[in-house]
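> What follows is a predicted structure for the sequence shown.
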Amino acid sequence: SQTIHQWPATLVQPVGSPLSLECTVEGTSNPNLYWYRQAAGRGLQLLFYSVGIGQISSEVPQNLSASRPQDRQFILSSKKLLLSDSGFYLCAWSDLGGGTGELFFGEGSRLTVL
Amino acid sequence: GQSLEQPSEVTAVEGAIVQINCTYQTSGFYGLSWYQQHDGGAPTFLSYNALDGLEETGRFSSFLSRSDSYGYLLLQELQMKDSASYFCAVRDRGGGKLIFGQGTELSVKP
């Protein structure tokens, strides 16, 4: 069966520090991969999505970047965090092409920038 | 671009029926999905409609009208555990990416 792992679960970082969130998927090949961010009490904002290794689409211009060094690994990074980067970050995968529209989410990473 | 509108909050009592509406505007449309998210947790998939009509899964049903760019999620026999946020999402042409609405917070009262 397919599983998705995301870490770290919680982190508190000072403004201006770097960030790296990692996500790996097991049990499937060639997944679509996604990074979403959710501010408190708000909807899910699509940040990046990827349909293959090295193929990243950015949805929102900002100080974050994403990379997909391997088929089932997706990394979200920042060189210098801003206060506004605080939020709940969710990695997700879907079958290539999206299929039924079902996304499978990781447990999330809660980031607080102070 | 894409946009989705849904009510921000709904309150209902245990055992009742509640309908959460969603209207959307998209440049391309491949289906409407619904997700449930409990406080502090990750969203989980509830249903998907690619064609007009009603899809039923247990106590939950979802409806789509493509001509009206409208859908709804119907929750029957409400239980306390149904208290959560519910999101509609549209899939567009771009690699199956999902764009989410702002969510509807459902509170179920005893």
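Sure thing, it's come through.
> Flag every residue of chain B that's near chain A.
B:30-33, B:35, B:41-45, B:48, B:50, B:87, B:89, B:91, B:94-103 (CB under 8 Å from any CB of the partner chain). Every C-beta, even on glycine, is put in place using the N, C-alpha and C of the backbone.
> confidence score at residue 3?
I'll assume chain A. Per-residue pLDDT puts A:T3 at 91.
> that answer is for a different chain, and I need it for chain B
pLDDT, read off for B:S3, is 88.
> my read: it touches B:Q25, true?
Yes: with contacts counted by CB atoms under 8 Å, B:S3 reaches B:Q25, the gap being 4.9 Å.
> Mind listing the residues bridging to the closest residue to A:L64 other than its chain neighbours?
When the adjacent residues along the chain are set aside, A:L64 lies closest to A:S78, with 5.1 Å between them (CB to CB, 6 or more residues apart in numbering or on different chains). In this entry, A:S78 is beta-bridged to A:L19, A:L64, by DSSP bridges.
> ok, now how distant is A:S78 from A:W35?
Per CB to CB, to the nearest Å, A:S78 is found 12 Å from A:W35.
> ditto for B:V108
From B:V108 over to A:W35 the distance is 31 Å, taken as CB to CB.
> before we move on, what about A:V51?
Computed as CB to CB, the A:V51 to A:W35 distance reads 14 Å.
> the more surrounded of the two?
The residue with more neighbours, out of A:V51 and A:W35, is A:W35; 27 against 19, by other CB atoms under 10 Å in any protein chain shown.
> Tell me which residue is most central in chain A.
Chain A has A:W35 as the residue nearest its centroid, 2.8 Å off, counting by CA atoms, centre = their mean.
> And the pLDDT for it?
96.
> The strand or helix carrying it close to chain B?
Using DSSP states H and E, A:W35 sits in strand A:32-38. Yes: counting by CB under 8 Å from any CB, chain B is contacted by strand A:32-38 at A:32, A:34, A:36.
> Check which residues of the helix or strand harbouring B:V90 are buried.
B:V90 belongs to strand B:84-91 when assigned by DSSP H and E. Across strand B:84-91, burial judged by 16 or more other CB atoms under 10 Å in any protein chain shown covers B:84-91.
> Low-confidence bits of chain A, can you list those?
A:61, A:96-99, A:101 (pLDDT under 70).
> Name the residues of it found near chain B, please.
Counting by CB under 8 Å from any CB, chain A sits next to chain B at A:32, A:34, A:36, A:42-46, A:49, A:51, A:57, A:59, A:90, A:94-108.
> What is the burial count for A:T3?
12.
> returning to what we had before: next, count neighbours for the residue nearest to A:L64.
By other CB under 10 Å, neighbour count at A:S78 equals 20.
> now swap in A:T112 and tell me
Other residues close to A:T112 by other CB under 10 Å number 12.
> Same check on A:L64?
By other CB under 10 Å, the burial measure for A:L64, its neighbour count, is 21.
> Tell me which stretches of the chain form strands.
Looking at chain A here, since you left the chain open. Using DSSP state E, the strands of chain A run over A:3-7, A:10-13, A:19-26, A:32-38, A:44-52, A:55-58, A:64-70, A:73-78, A:87-94, A:104-105, A:109-113.
> oops, I was thinking of chain B
Using DSSP E, the strands of chain B run over residues B:3-5, B:9-13, B:18-25, B:32-37, B:44-49, B:53-57, B:60-65, B:70-75, B:84-91, B:98-100, B:104-109.
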